[in-house]
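Q: Mind looking at a prediction? Sequence and model below.
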2 protein chains.
Amino acid sequence: MTLETKSTSRERLLEAAATLTYRDGVNIGVDALCKAAGVSKRSMYQLFESKDDLLAASLNERASAFVAGLLPSAADGRCPRERILHVFDQLESQAGAPDFLGCPYLSVQIELKDQSHSASQVAHRIKANLTAFFRTEAEQGGASDPDLLARQLILVFDGASARAGIGADTMTGLVAPTVVTLLDTAGVR
Amino acid sequence: MTLETKSTSRERLLEAAATLTYRDGVNIGVDALCKAAGVSKRSMYQLFESKDDLLAASLNERASAFVAGLLPSAADGRCPRERILHVFDQLESQAGAPDFLGCPYLSVQIELKDQSHSASQVAHRIKANLTAFFRTEAEQGGASDPDLLARQLILVFDGASARAGIGADTMTGLVAPTVVTLLDTAGVR
């Protein structure tokens, strides 16, 4: 096996784990993952210690795309209020996709029910980074209580994602006015 | 088997399904459910068509306790604002329990990823009833947009439950000020 083939198998396994876990849940079997990736179980276990490791690695691999799809670029010249609203615009747009099932990092933690699981820890860290972005923008925007505003914004992010993901609601006419109310109350103009 | 024994087996199965599904997820096996209930698989399949039916019935069975634990009594003399805040006081108190893993009706829908599943439909209906309670109180409290306020309140309910359930945050100092802000903005004094 050449290094190049090895890298391709790894990428296909990461892709299959991300896609199938999101669609079917964390209890997806190793056989199904290997079949979708077109990789033998033997090869999978040469690349990853366990299914848990593959799951954690797939969540981690997707983190940069998750961040790029939501966050504004580092210094885009917009004010903190606009930068925060940008995240929720992006989220609302993503939630319109027919295969949207909520935030993958929230779902995996709810499904695993084990905060010490390596995949839960990866998911927790990625969402903590999003909360930290809100915290920074809240502070730079002069929020009266930046910690509270950041906690409120990630609560709205997760609540709206979860409810849209299960088809209980959409984000239309809900997320934007809610975030605006929270920003206004915190004094982030 | 007498009717009395049958009823007891049924109750134990419903209890086991509710408890183990909440703790371990919807993929809990029939063997584990029957073992926890002290009921043979044969008896289980005499009482329930399938594990899916047992799960749906267990969610339905818990609905009245869920409602009683959260909602104020029908005419307690308090104003709509206080009646809405009562729900979140109760939620915050419940979330303090060491075995709190979020709202069981949200989790089951996220885990099943199938809105047509009988258990998803039961869960959806129970949460829609909670949203309807918020809607009624919002209207009676003179909310400027009762639909929006009800959607915001159930979003906060689910978002805060999910985040506390995965240990990403607590509800302390978060849920009450957020609900107050939403009530104030909607003009529910």
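A: Received the coordinates, thanks. Bear in mind the structure is a predicted one, so any value in this text is a computation, not a measurement.
Q: Contact partners for A:S144?
A: A:A186, A:G187 (CB atoms under 8 Å, 6 or more residues apart in numbering or on different chains). In this view, the C-beta of every residue, glycine as well, is placed from N, C-alpha and C.
Q: Please report phi then psi for it.
A: phi -60, psi -40 (degrees, to the nearest 10).
Q: ok, the residue in chain A that chain B sits nearest to - contacts?
A: Nearest to chain B, among the residues of chain A, is A:G159, at 2.3 Å (CB to the nearest CB). Residues in contact with A:G159 (CB under 8 Å, 6+ apart) are B:L155, B:V156, B:F157, B:D158, B:G159, B:A160, B:A162.
Q: Which of the three states applies to the residue lying closest to it once chain neighbours are set aside?
A: Closest residue to A:G159 apart from its sequence neighbours, by CB to CB, 6 or more residues apart in numbering or on different chains: B:G159 at 2.3 Å. B:G159 falls in the helix class when you classify it by DSSP: H, G, I helix; E, B strand; the rest coil.
Q: okay, B:G159: pLDDT?
A: Here the pLDDT value assigned to B:G159 is 98.
Q: What of A:T8?
A: 89.
Q: what about it, how many neighbours?
A: 14 (other CB atoms under 10 Å in any protein chain shown).
Q: quick one: contacts for A:E15?
A: A:E15 is in contact with A:A37, A:S58, counting by CB under 8 Å, 6+ apart.
Q: What helix or strand is it located in?
A: Per DSSP states H and E, A:E15 falls inside helix A:3-24.
Q: Please spell out which residues along that helix are buried.
A: A:S9, A:R10, A:R12, A:L13, A:L14, A:A16, A:A17, A:A18, A:T19, A:L20, A:T21, A:Y22 (16 or more other CB atoms under 10 Å in any protein chain shown).
Q: what is the orientation angle of the very next helix or strand once past it with helix A:3-24?
A: Per DSSP H and E, the first helix or strand lying C-terminal to helix A:3-24 is helix A:30-37. Orientation of helix A:30-37 against helix A:3-24 (axes from the mean of the first three to the mean of the last three CA atoms, to 10 degrees) gives an angle of 120 degrees.
Q: Packing partners of helix A:30-37?
A: helix A:3-24, helix A:41-47, helix A:51-70 (3 or more CB pairs under 8 Å, 6 or more residues apart in numbering or on different chains; DSSP states H and E).
Q: Centre of the chain to the shortest one, how far?
A: When C-alpha coordinates are averaged (CA atoms, centre = their mean, to the nearest Å), helix A:41-47 and its chain have centres 27 Å apart.
Q: Residues touching it, excluding its own?
A: A:M1, A:K6, A:S9, A:R10, A:L13, A:V30, A:D31, A:L33, A:C34, A:A37, A:L54.
Q: rerun at 6 Å
A: Applying CB atoms under 6 Å, 6 or more residues apart in numbering or on different chains, the contact partners of helix A:41-47 are A:S9, A:R10, A:C34.
Q: Buried by neighbour count: which residues of it qualify?
A: Neighbour counts over helix A:41-47 (16+ other CB under 10 Å) mark A:S43, A:M44, A:L47 as buried.
Q: how close does the second one sit to A:T181?
A: This points to A:M44. From A:M44 across to A:T181, the span is 48 Å (CB to CB, to the nearest Å).
Q: what is the orientation angle of the helix or strand bottoming out on mean pLDDT in chain A with helix A:51-70?
A: The weakest-scoring helix or strand in chain A, judged by mean pLDDT, DSSP states H and E, is helix A:3-24 (a mean of 86). Helix A:3-24 and helix A:51-70 are oriented at 80 degrees to each other (the same axes, to 10 degrees).
Q: how much distance is there from helix A:3-24 to the middle of the chain?
A: On CA atoms, centre = their mean, the centre of helix A:3-24 falls 17 Å from that of its chain.
Q: And for stretch A:89-105?
A: On CA atoms, centre = their mean, the centre of stretch A:89-105 falls 10 Å from that of its chain.
Q: List the buried residues of it.
A: Per 16+ other CB under 10 Å, stretch A:89-105 contains these buried residues: A:D89, A:L91, A:E92, A:Q94, A:A95, A:F100, A:L101, A:G102, A:C103, A:P104, A:Y105.
Q: Can you give me the pLDDT of the second one?
A: So the one you mean is A:L91. At A:L91, pLDDT is 98.
Q: Also the one 10 residues further on?
A: pLDDT, the model's per-residue confidence, is 98 for A:L101.
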